[in-house]
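>>> Please find the sequence and the predicted model below.
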Amino acid sequence: MAYWQEHSLGVAPQVSGFGTAATVDADFAWIQGDRPKVQFATELVELDLMTGEIGAAPERLPGRRHGTISFSMPLEGLKSGYDPTADDPGDTGILPHWVCMVANALGSNIAASDTAVKFWKGLHLSLSEYTAGVAVTSGVIAGCTSTLVKTFDATTSNKVSVGELVIAATTATDTAPQMGFVKTKAGQDLTLFEASGNVAAAEDDMYGTGTAWISVNHGSQLPMTFRWNGDAEEACYILSDAVCTGFKLTWESGAVPTIEMAYSFHDFQIDKAGTGTKGGLQVPDPFQRIPQIVGVNNGRAMLGAALKCGLESCSIEYKTEIAELKCHSATQGITGVVYKKPRINVSVSLPWVSTDLVYDAAGSSGNVGSHVWQSYLERGVATSLGVYVGSNVGRCFAFLVPSARIVAVPQVAEINGAVGYQLSIEAGAYTADASDTAETSANSPKNSPFRVSVG
């Protein structure tokens with residue numbers, strides 16, 4: 001007799017849609033995270049039925065099964081042993097599982113992943129590929145600046161979509177890669193949304209990236225099937241028709257960034273077959289770890305397109321509401337869900353400093369008026385937030401909120417013994433990206449209010 005002490009968590013897309021659980025073993029990817037938090041629920045109707053006996057409790061009438069699952073994990077980069085000259089994001093096993101799941105939750109270009117193989121390749125992300133700088137017909141040439149990656153020609157630049165993360169470096173082991181999100185593309189020029197920390201040199205290479213973004217396809221995300229396993233072959237819970245209700249990225253200075261993902265599932269059962277094909281522990285695929293966000297790893301936080309220090313309690317969170325579509329003939333009475341009010345929320349604290357700006361009611365800076373963050377709230381001023389880190393190719397991570405608005409009164413707080421502010425920020429509408437090619441907001445991150453990338 002065995003007990004359930006250790007855990008594995010596998011997940012697969014339900015490419016046939018809601019109501020059809022994933023069953024093919026090879027379709028499941030195994031998560032390298034902490035122990036999942038699972039909560040089962042069964043709807044109960046309590047009537048004050050007459051039992052005919054003193055002290056006998058009335059019967060509870062059970063309804064459908066459902067529940068929630070959440071798990072946290074440190075962010076992973078591209079696969080261990082990644083060789084950019086032979087592998088590109090979009091090839092089998094290159095992109096980490098978490099970014100494929102985030103792209104599904106955000107919608108991205110989800111129609112491009114109509115099989116589990118395509119899903120875990122990340123074909124629903126916006127993908128770029130490796131381009132060698134030493135080739136005569138391609139590469140990065142002299143003329144790059146902190147806000148410009150100048151490619152050899154338009155053919156090379158067209159391998160990158162507007163809104164994507166672009167990475168240029170001398171080699172895959174270069175510890176000072178240039179990276180940034182492309183704002184405009186014109187001919188051979190890729191102009192970045194904000195200044196990068198490093199600048200590519202002549203004949204540097206461009207490296208592949210995968211970018212997820214919130215898109216018009218948000219309501220078309222694929223439901224997922226989870227397998228929550230224990231050490232024994234008999235230990236396997238199958239949680240099906242799971243939909244992502246939110247995720248939270250932490251990006252503290254000096255810490256490894258993490259993600260916590262939350263799902264609601266609409267059916268569950270335990271499979272005790274003991275065949276070894278479902279239950280039992282599974283070893284996750286190996287991926288490189290995104291490093292801690294510090295300067296030696298090219299860590300940067302950009303607020304208002306300017307380098308910003310002093311940020312603490314840093315997180316960015318995606319949330320959506322769901323409305324269940326009822327159907328009497330569906331397995332648990334639910335035939336699907338509708339996603340409502342998707343939002344990207346940023347929470348951050350920062351200290352007051354004597355150089356903070358003060359504005360009057362007209363928006364002119366001076367010495368008397370509203371503190372900069374209060375003024376931004378009152379005047380509806382948009383700013384931006386970009387975070388970047390990457391010690392070398394394969395271990396790069398970045399996200400961008402190009403138009404962010406403060407949505408609550410900045411609260412005064414004590415930060416390390418000093419006066420500071422707690423800010424609540426939401427992603428707003430953004431339309432400033434531009435391209436000389438045909439990408440759209442449906443098949444690329446162009447003009448998306450939020451994008452997140454690895455490379």
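Done, it's in. Numbers count the residues shown, from 1 in each chain.
>>> going forward, measure contacts and count neighbours with C-alpha atoms only.
OK.
>>> List the contacts of the helix or strand encompassing residue 347.
Applying DSSP states H and E as the criterion places residue 347 in strand 334-351. Strand 334-351 has contacts (Cα atoms under 8 Å, 6 or more residues apart in numbering) with 18-19, 218-219, 266, 310-328, 415, 418-427, 450.
>>> same thing but 6 Å
18, 219, 310-327, 419-427 (Cα atoms under 6 Å, 6 or more residues apart in numbering).
>>> What residues of that strand count as buried?
By neighbour count with 16 or more other Cα atoms under 10 Å, strand 334-351 contains the buried residues 334-337, 339, 342-351.
>>> And that strand, how far out from the chain middle?
Centroid separation for strand 334-351 versus its chain: 12 Å, with Cα atoms, centre = their mean, to the nearest Å.
>>> what mean pLDDT would you report for that strand?
The pLDDT scores in strand 334-351 average 93.
>>> Okay, now the sheet partners of that strand, with direction.
In the sheet, strand 334-351 lines up against strand 312-326 (antiparallel), strand 418-427 (antiparallel) (DSSP bridges).
>>> Show me the contact partners of the helix or strand encompassing residue 72.
Per DSSP H and E: residue 72 is located in strand 60-74. Applying Cα under 6 Å, 6+ apart, the contact partners of strand 60-74 are 33-34, 36-46, 258-267, 332.
>>> of the residues you listed, buried ones?
Neighbour counting by 16+ other Cα under 10 Å classes 33, 36, 41, 258-267, 332 among the contacts of strand 60-74 as buried.
>>> Out of these, list just those in strands.
41, 258, 259, 260, 261, 262, 263, 264, 265, 267 (DSSP state E).
>>> Which residues does the first one form beta bridges with?
On the basis of DSSP bridges, residue 41 takes part in beta bridges with residue 66.
>>> Quick one, grab the pLDDT at it.
88.
>>> hey, which helix is longest across this protein?
helix 97-106 (DSSP state H).
>>> for the record, mean pLDDT for the helix or strand following that one?
Using DSSP H and E, the helix or strand that follows helix 97-106 in sequence is helix 116-121. If you average the pLDDT over helix 116-121, you get 98.
>>> Can you name the residues in contact with helix 116-121?
27, 90, 91, 92, 113.
>>> just to revisit the earlier point, how big is the angle separating the strand holding residue 347 from helix 97-106?
Counting by axes from the mean of the first three to the mean of the last three Cα atoms, to 10 degrees, strand 334-351 lies at 110 degrees to helix 97-106.
>>> contacting residues around the nearest residue to residue 249 once chain neighbours are set aside?
Of all residues beyond its chain neighbours, the one nearest residue 249 is residue 259 (4.5 Å), with distances taken as Cα to Cα, 6 or more residues apart in numbering. By Cα under 6 Å, 6+ apart, the residues touching residue 259 are 72, 73, 248, 249.
>>> Could you check how many residues crowd around the last one?
In other words, residue 249. By the measure other Cα atoms under 10 Å, the count of residues near residue 249 is 21.
>>> and what of residue 214?
When neighbours are defined as other Cα under 10 Å, residue 214 has 28 of them.
>>> And residue 298, by the same measure?
Residue 298 has 23 neighbours, counted by other Cα under 10 Å.
>>> That one: what's it in contact with?
Contacts of residue 298 by Cα under 6 Å, 6+ apart are 389, 390.
>>> likewise residue 88?
Counting by Cα under 6 Å, 6+ apart, residue 88 has contacts 129, 208.
>>> State the distance from it to residue 212.
According to Cα to Cα, to the nearest Å, residue 88 stands 16 Å off from residue 212.
>>> re the thing from before, mind checking which of the contacts of helix 116-121 are buried?
Using 16+ other Cα under 10 Å, the buried ones in those are 27, 90, 113.
>>> which one of those is nearest residue 129?
Among those, residue 90 lies closest to residue 129 (Cα to Cα), at 8.8 Å.
>>> Distance-wise, check that closest one relative to residue 120.
Applying Cα to Cα to residue 90 and residue 120 gives a distance of 9 Å.
>>> Repeat that for residue 249.
21 Å.
>>> Next: residue 425.
Distance from residue 425 to residue 120, by Cα to Cα: 32 Å.
>>> more crowded one of these two?
Using other Cα under 10 Å, the more surrounded residue of residue 425 and residue 120 is residue 120, with 27 against 24.
>>> thinking again about what came up before, report the angle between the strand holding residue 347 and strand 60-74.
Using the same axes, to 10 degrees: strand 334-351 against strand 60-74 is 40 degrees.
>>> circling back: which of the strands paired with strand 334-351 has the highest mean neighbour count?
strand 418-427 (a mean of 19; mean count of other Cα atoms under 10 Å).
>>> Quick one: residues in contact with that one.
Contacts of strand 418-427 (Cα under 6 Å, 6+ apart): 344-352, 403-408, 410-414, 449.
>>> Cool, thanks, talk later.
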